[in-house]
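*Asks:* no sequence for this one, just the structure:
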């Protein structure tokens, strides 16, 4: 290893410049981050902690991230507004929560029947996704970056088996957002209920089914104790969280700290996908062992076909209402088609071969 | 954003300490990296360039990576020895290349019928894989980190269709390493041929089949012009490259630059998986459009069964020869089983549903 001193005689001669550079290099920054999650929320909260730790170590303490969980700022779904207004420098949340304010934010988390995580990251970084996301957030004086992926979310816990589209009619299910709208189109009665009340609601038949995340987070809420049917996913195949940054806060940072932020956010996001894989595998092994009542089910074909058609109808409506939405939907659909053709001959073919051979 | 000056009066008072700290902070380092690949090798070479760029920007130029490609150092498969001896501070290569020197290095790239990329990263970072890898490299005074993943590699290009195990008998195929040994067990005659001669060898029937990487890298070598059958993968479901670091070089770096290296390597490795997904999807779309002769094939069941049994036999032999190999194989097998059970109900189920519904 070659070690050279930067402070050569020539550089030292330009004393003023050196002082200015050193002063900037010595400036310390603290970014206040509001996360949508409660304190010590598993996986999601680990992601912000890991990000903050990486940033602090890489910058040798010059840049610190102070994380406020929802119990502190009391506004889990106020993150967009707080970061926009500069009350917080950063947020950790999910883009689709802001659909009510800015309809086009919907598309940067995960779409029903959409891309899986590797495909979606490839779309963000190589297929124009990042540019489209910035175009949507720019008018709100914010930057948005991928903030961690859950992998394929499960289709939810059902107390009765779904054998046909008929069984969904009038079914009361906790499933929020766009996926809830798709379900509504095919006859489900979607509701949103606070997480703390979900178990009791399912137990008392206030609801018939509940969608949450996947084994690792679902296990903690205990649904496996009162519902036998665990359905495979279709509605959020690659839920990507989000780092939101106030643009003024971003621009105050020197270039090296911006780069530290950029790489740390990128690594933390990928890391969450890997942690999710691990935690879900562990949790699924526990459920299988301790709750033999739980059966994995796929929705029957008529249900998938109806949901696929409903999803397409809703996307067509969104595209008709907004040119920007139309542009994003087109970009995602085209990218997914090309990317999936390859996934089908690589990962899908391999996993199917393995399922037969083992 | 709160900005505080670190140079408070109190700190300035301890003038000696400050000077020492500043001197260290101003020290500049250059790490010389030898990569196994030729100059401007796509995807693999992009990974080292991206890593070097991230490190340089994050450290504000305090840490530079000088990359020497194989045309410069002339020893593509000498990277292990050169880094061990300190001729280079770092290498970018693949762990399984060192199997002849240290048998246990085999297990840190990808194994036939093994884990896919997300599963294998989860094993590295949450399942004890990193610790096992360091245990193998420690006696050679080196650290090893994941260095970028190709995703599932394709099973190779064949000029004749393989309809049964019989068709493999005496077949001459370019397939190196452990996968070649597995193929040899089932009757194939595996050979290794320099990349520049592969096309001609296949065209002139010196070999009957060739395994390379996947659509993006295969397309450049032109196999699609002379072979109609492109087989799906089984032998390297998640080929992970490797950053090798000489331990003395590593220990000379201050803690913040070590952390910058760690996070940059981690992000670059993940980034390569995503770039591979993108580039393979693009290349596969081109092949489909321009070479309608190319057909995707899966090996028949009897071939898979025989290869699976041969793989197991070779692993049992490796385990019998080395306690360390036995420990790694057990760790990987157990982790794969648990992780795959979840992949099967999440990503595999989703991709299969989508293949039916679209």
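*Replies:* Nice, thanks for sending it over. Everything quoted here is computed from the prediction, not taken from an experiment.
*Asks:* packing partners for the one helix or strand residue A:248 maps to?
*Replies:* Assigning secondary structure by DSSP states H and E places residue A:248 in helix A:247-252. Applying 3 or more Cβ pairs under 8 Å, 6 or more residues apart in numbering or on different chains; DSSP states H and E, we find helix A:247-252 packed against strand A:142-149. (Each C-beta comes from the backbone N, C-alpha and C, glycine too.)
*Asks:* next SSE after the strand it packs on?
*Replies:* Next along from strand A:142-149, by DSSP H and E: strand A:156-158.
*Asks:* Mind listing the strands that following strand pairs with, and their directions?
*Replies:* Paired neighbours of strand A:156-158 in the sheet (DSSP bridges): strand A:209-210 (antiparallel), strand A:229-231 (antiparallel).
*Asks:* Residue A:208 is in contact with residue A:173, correct?
*Replies:* Yes: using Cβ atoms under 8 Å, residue A:173 is in contact with residue A:208, at 6.3 Å.
*Asks:* Give me the common contacts of the two.
*Replies:* Here residue A:173 and residue A:208 share no contacting residue, scored by Cβ atoms under 8 Å, 6 or more residues apart in numbering or on different chains.
*Asks:* Most tightly packed of the strands paired with strand A:156-158?
*Replies:* Compared across the strands paired with strand A:156-158, strand A:209-210 shows the largest average neighbour count, a mean of 25 (mean count of other Cβ atoms under 10 Å in any protein chain shown).
*Asks:* which residues touch that one?
*Replies:* A:156-159, A:171-175, A:198, A:201-202, A:223, A:227.
*Asks:* Which elements pack onto whatever helix or strand comes next after it?
*Replies:* Downstream of strand A:209-210, the next assigned helix or strand under DSSP H and E is helix A:215-221. In terms of contacts (3+ Cβ pairs under 8 Å, 6+ apart), helix A:215-221 is packed against helix A:195-203, helix A:255-290.
*Asks:* residue ranges for the strands of the stretch 51-200 of chain A, please.
*Replies:* A:63-68, A:90-93, A:142-149, A:156-158, A:172-174, A:189-191 (DSSP state E, counting those that start in this stretch).
*Asks:* Filter the contacts of strand A:209-210 down to the buried ones.
*Replies:* Buried members of these, scored by 16 or more other Cβ atoms under 10 Å in any protein chain shown, are A:156-159, A:171-175, A:198, A:201-202, A:223, A:227.
*Asks:* Can you give me every residue that contacts residue A:199?
*Replies:* So residue A:199 contacts A:221, A:222, A:223, A:226 (Cβ under 8 Å, 6+ apart).
*Asks:* can I get those residues in a markdown table with pLDDT and distance to residue B:92?
*Replies:* Shown next, in a markdown table, are the contacts of residue A:199 (pLDDT from 0 to 100; distance: Cβ to Cβ, whole Å):
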| residue | pLDDT | distance to residue B:92 |
| --- | --- | --- |
| A:221 | 94 | 44 |
| A:222 | 95 | 47 |
| A:223 | 97 | 46 |
| A:226 | 96 | 52 |
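*Asks:* Do I have it right that residue A:343 meets residue B:351?
*Replies:* Yes: applying Cβ under 8 Å, one finds residue A:343 in contact with residue B:351, separated by 6.6 Å.
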